[in-house]
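> Got a sequence here, can you build the structure:
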Amino acid sequence: MKQIQFDCRIISRNGRDACRELVGFFFIHDQSLTIYEYRQFGKNRTNVLPFIKKSTYSHQCGRRKGKQYQLGDFYIGANLTFLSSDHLRLPESIKENTLLILRITNIDQVASDDLRTDSVQQEDDTTRQEANDRLVFKAIQDKLKEQLHKRGVRILTAMGKYFQQLDKERNGLLDKADFKQALKVFHLEMSEKDFESSWLILNENGNGRVDYGEFRRAIIGEMNEYRKSFVRKAIPQRKKSNYLFWIR
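Okay, here's the model as predicted:
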């Protein structure tokens, strides 16, 4: 049976949930997927427990909302979204949120490349638009790279604290004025055109508010997932929830 194995983690501000070890499988023949969780019982016993039952699923947000997952959706750094209400076995801390967001952290690249060679997928308008979006963010990140070179980690942590202070509702969302102010506070020079382009992409639902973790990731870039994994394991548990936003 042709399948791709991948590792993923939960995008969450709950440190314990973010550190859950998840492994998934995407099956080519019916485009279904399933995800399991590694759970440690005692010092020497590890069990693999069901986390997302095997079925076909569709994107729950973004440009592909409502479209079924396919081979091209599985790559390191990609997000998989599910409705928490569809999965009754999820921990209560996860079911508190409408959406369950998982980020792929590792993938069987050999199997993925082989399957992509064998599979011919039709490129649609959404695929082309997503590619254009990535080019927009890549151009912005390249322009900011020199500004960030000497203060990359410091600005990441400082900006995380700043956004948390602005987030009075504690829901992870801020408006356009907040992000513009943050760029000024941290002396990040971005043209009005680049800012508006990034805002239109991130605020695709038009509600005027954007997740600040996604904003930071879009303009600064994604921290290497291997490095994130190391950070999550190295930081004491009591500090993980505070640090989590910075590495999203």
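
> Run the chain-centre distance for the helix ranked longest in the chain.
Of all segments of type helix in the chain, defined using DSSP state H, the longest is helix 125-148. Distance of helix 125-148 from its chain centroid, counting by C-alpha atoms, centre = their mean, to the nearest Å, is 16 Å.

> Would you map the helices across the protein?
15-18, 92-95, 109-118, 125-148, 152-166, 176-185, 192-202, 212-220, 225-234, 237-247.

> now the ones you listed in JSON lines, with mean neighbour count and distance to Asn44?
(Glycine included, C-beta is placed from N, CA and C.) JSON lines is the format used below for the helices of the chain (neighbours: other C-beta atoms under 10 Å; distance: least, C-beta to C-beta, whole Å):
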{"stretch": "helix 15-18", "mean neighbour count": "18", "distance to Asn44": "22"}
{"stretch": "helix 92-95", "mean neighbour count": "12", "distance to Asn44": "27"}
{"stretch": "helix 109-118", "mean neighbour count": "13", "distance to Asn44": "30"}
{"stretch": "helix 125-148", "mean neighbour count": "14", "distance to Asn44": "44"}
{"stretch": "helix 152-166", "mean neighbour count": "15", "distance to Asn44": "36"}
{"stretch": "helix 176-185", "mean neighbour count": "14", "distance to Asn44": "47"}
{"stretch": "helix 192-202", "mean neighbour count": "15", "distance to Asn44": "45"}
{"stretch": "helix 212-220", "mean neighbour count": "20", "distance to Asn44": "36"}
{"stretch": "helix 225-234", "mean neighbour count": "14", "distance to Asn44": "19"}
{"stretch": "helix 237-247", "mean neighbour count": "16", "distance to Asn44": "21"}
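
> Which one of those lies nearest to Ile4?
Closest to Ile4 of the helices of the chain, according to C-beta to C-beta: helix 109-118, at 5.3 Å.

> which non-adjacent residue is nearest Lys180?
Distances taken as C-beta to C-beta, 6 or more residues apart in numbering place Phe195 nearest to Lys180, at 6.9 Å, with adjacent residues excluded.

> hang on, I meant Gln68
Nearest one to Gln68, counting by C-beta to C-beta, 6+ apart, is Ser58 at 5.0 Å.

> just for this protein, where's the confidence low?
Scanning the chain for pLDDT under 70 picks out 1, 41-42, 118-124, 152-153, 222-248.
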